[in-house]
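A.B. asks: Output the structure for:
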Amino acid sequence: MIMRTSIRRARTIGAALCAIAAMAFASGALALATTLPAYQLVTAFPDGWTVVTPETASRYAALLGVSPEVAADVMRSDNVIAAAFGTGADIAMRVRMEETSQSAVYFDIDRYTTAMRNAIRADYLDAAAWKVTGLRFSAAEWKNPSKSGRYLRLTYNRRSEGETVARGLMAFTVRNGREVTLQIEATGRQLAPKEIQLFDEWIAATSFTPQLDMPLLPTELSFDKPFVRESNSLTVRVRGATAPGALVTGSLLQGDDAPFKAGEAAARSDGSFTLTLTLPREGTWTLLIASELEGRETTSVETQLSANASRIPINLNTPLEGEVWDAQPRLAGKTLAGVEITVSDSGSISKRTTSDGEFSIKLNPDPAGTRIVTVTLKKKGYDERTIQYVFDRLWHTDDYEAYLKTRVQSLSYANLIKDPARYAGRIVKWTGEAASASDDESVTNMILVTAPGKSDPAKIYCLSDDTPRVDSDGEIIVYGEITGDVYTIDSDGGEEPETLPIMKVLMIASD
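C.D. replies: Model (predicted):
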C-alpha cells in the first residue's frame, strides 16, 4: 500500500503565503481572494472568515488548537499554505500544497496515466490507511470540468477513539509540480447543503498559472512478478511494461568491471516487452535495465541477478524482510517444478512439493517481534539448500483483534479458578474494569475485575510486557493467554490470602 502524503497529513493544518488581498469575487459567497504568486495559485475564501497563514499563525493559534510558539511550524509541517475559519468556529477550509517525487516528474494531473489516477483513488479508499490517519473516505471520483480542470473529489469523515468527530470534502489535483488539496471540514456535524455548494464554488474560483517548461515525461518501467533475481540458467527472461516503442536494454557489471550489454528488446504497441539476457558465466551480477524513447526521460532500475546451475533458485513475490504488517504473512513465489519446500516457522514445520514451481505457504500469523523463517529446498539433481528469512512481524490493531477473536475459547471463571493449570495456553476474552495497576520491573501488573459491584467479583491477575492503556472510568476488553499459574495476594487483616489466576495480556481494547 502507498499511502498518499496528503492523506497522512490531513489531520490539522506548510509553506509561505506571499499576499492576501480583499476584493470582489464573481461568486456572492466567495469575496476574499487569496493570491499566492510563489505557487502560481489564486483562490478565494468567504467574506467574513478568518484567513490564517504560517506568517500569521501565532496570532490565531487558538483557531488552530495549538500554542502560539508552534502554530507556524504546525501549519508548515502539514503543508498548509492557507486556512480560513468560519464565524461559527466549527467549519474550516484549508489549502495544502506539497512537491513529491512523482508530482515533480509528472508535473500536472493531466500527464498522469489512467492507471496512475486509478492508483491515487485506490490509495484514498484503502482501509489500511484509515487505521493510521483516522480519515475514512466514503466516495472518491475523478472530475474534469472545463473551468477548473481535472481533480479527485473526496467525501470523508474523521474518527477519533471510535467516534466520528468531523466530516468534510476534499479536492485533490496536481498542478505545476505540486500535489494540491482543497479541504472543507465541519466539526461535530454534517456539512450543510450551502457549505457543499460553497466547496464547489471554491474549486471553480481556484486557478493556477500554467508553466510551459514542464520536465520530460519518463518512459516508465515496471516488471512482472516475481522479478527474477535467481536463476539456474545463464539465460534469463525479464518481462514487463514501458512506453510503447521504447528500447529496453539490460547491462551487467561485476565488481570493478565495466558494464556490458546482455540483451535488448523493443516494447510492443501496448508497452509490454520480453527482455532476454545472456550471462557470460555463473556468479552474482548487478543488473541495469534502462528504457529509452526519443522525447522521453530515460528510466532505469538496478537490481541483483545471481546464476548458479547447481543451486535451486527461489524468487519471492514479496521480499520477506523489514517490517511485515500483513494480517496473514505468506511465503509465496516461484522456484523449479518438483521442488520439496520445508518451512520451519515459530516451532511449526510444514512441507510442500511444487508441481509447476509456484508456491504460496501461510506463515504463523501470531508471534509479533523479530521472526526467523527457515526454508529448505530439495530436488533430485540439485544441492540441498537452506535459507533464513529474518523480518519484524507487526500488527495493525484491527487485524490483530480480528485474529484473536478467531482463537478465543469460552472458559468460565469457576472452572478457571478451580484448576488454572488445566487451561494453560488457552486464549480467552474478558470484559471488566482495571481495579489496580503497578509497575514491577519489566512487566506491568493489573487486576481485572470482571464483575465489578458484586460482593464476590471475578478477578484475574494480568501480566503485560507493555504498559496497558486503560480507561479507569469504564470497562475494557482484555484478550489474553492463561498461564496456568496463580498470584497470591496476602491479607493484612489475618484473612485467608486471595489467589487469582494469571493471564498474559495479548491486547486491550475499548468496550
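A.B. asks: Contacts for stretch 415-428, please.
C.D. replies: Stretch 415-428 is touched from outside by 404, 407-409, 411, 458, 479-486, 499, 501-503, 506, with contacts defined as Cβ atoms under 8 Å, 6 or more residues apart in numbering. C-beta coordinates here come from the backbone N, C-alpha and C atoms, glycine included.
A.B. asks: Tell me, how many residues neighbour Thr488?
C.D. replies: Counted with other Cβ atoms under 10 Å, the burial measure for Thr488 works out to 9 neighbours.
A.B. asks: Excluding sequence neighbours, find me the nearest residue to it.
C.D. replies: Excluding the flanking residues, the one nearest Thr488 by Cβ to Cβ, 6 or more residues apart in numbering is Pro497, at 4.9 Å.
A.B. asks: The one you found contacts Val486, doesn't it?
C.D. replies: No. Under the criterion of Cβ atoms under 8 Å, Pro497 is not in contact with Val486, lying 10.3 Å apart.
A.B. asks: Pick out whichever of the two has more residues nearby.
C.D. replies: When neighbours are counted by other Cβ under 10 Å, Val486 comes out ahead of the other of Pro497 and Val486, with 13 against 8.
A.B. asks: Tell me the bridge partners for the residue nearest to the more buried one when sequence neighbours are not counted.
C.D. replies: Closest residue to Val486 apart from its sequence neighbours, by Cβ to Cβ, 6+ apart: Thr499 at 5.0 Å. As for beta bridges, Thr499 partners with Thr488 under DSSP bridges.
A.B. asks: Cys462 versus Thr499, what's the distance?
C.D. replies: The gap separating Thr499 from Cys462 is 15 Å, by Cβ to Cβ, to the nearest Å.
A.B. asks: In terms of neighbours, single out the busier of the two.
C.D. replies: For Thr499 against Cys462, the residue with the higher neighbour count under other Cβ under 10 Å is Cys462, and the figures read 24 against 13.
A.B. asks: any idea of the mean pLDDT in the host helix or strand of the more buried one?
C.D. replies: Cys462 is part of strand 459-464 when elements are defined by DSSP states H and E. Here strand 459-464 scores 87 as its mean pLDDT.
A.B. asks: roughly how far is that strand from the heart of the chain?
C.D. replies: Distance, stretch centre to chain centre, for strand 459-464: 33 Å (Cα atoms, centre = their mean, to the nearest Å).
A.B. asks: Can you list the neighbours in contact with that strand?
C.D. replies: For strand 459-464, the surrounding residues in contact (Cβ under 8 Å, 6+ apart) are 413, 430, 432, 435, 443-450, 468, 478, 480, 483, 486-487, 498, 500-505.
A.B. asks: taking these one by one, which sit in strands?
C.D. replies: When strands are assigned by DSSP state E, the members of the contacts of strand 459-464 inside them are 430, 432, 435, 443-449, 478, 480, 483, 486-487, 498, 500-505.
A.B. asks: Per-residue confidence at the nearest residue to Thr431 once chain neighbours are set aside, what does it come out as?
C.D. replies: Excluding its sequence neighbours, the residue lying closest to Thr431 (Cβ to Cβ, 6+ apart) is Ile477, at 5.3 Å. pLDDT, the model's per-residue confidence, is 88 for Ile477.
A.B. asks: any idea how far Ile477 lies from Ile508?
C.D. replies: For Ile477, the distance to Ile508 under the criterion Cβ to Cβ works out to 7 Å.
A.B. asks: So those two - more neighbours on which side?
C.D. replies: Under the criterion of other Cβ under 10 Å, the comparison of Ile477 against Ile508 puts Ile508 first, with 20 against 14.
A.B. asks: And for the nearest residue to Leu234 once chain neighbours are set aside, the neighbour number?
C.D. replies: What sits nearest to Leu234 in space, not counting adjacent residues and going by Cβ to Cβ, 6+ apart, is Leu279, at 4.4 Å. The tally of other residues near Leu279 (other Cβ under 10 Å) stands at 20.
A.B. asks: Hmm, Leu252 and Leu279 touching each other?
C.D. replies: Yes. Contact criterion Cβ under 8 Å: Leu279 and Leu252 qualify, at 6.8 Å.
A.B. asks: one step back: list buried members of the ones in strands among the contacts of strand 459-464 by neighbour count.
C.D. replies: Among these, those classed as buried by 16 or more other Cβ atoms under 10 Å are 430, 432, 444-449, 478, 480, 483, 487, 500-505.
A.B. asks: what are the ranges of the helices in the chain?
C.D. replies: For the chain, the helices defined by DSSP state H cover 5-8, 61-64, 71-77, 101-106, 114-125, 127-133, 193-205, 397-407, 413-418.
A.B. asks: Figure out which of the ones you listed is closest to Pro319.
C.D. replies: Using Cβ to Cβ as the measure, helix 127-133 is the one of these that comes nearest Pro319, at 18.7 Å.
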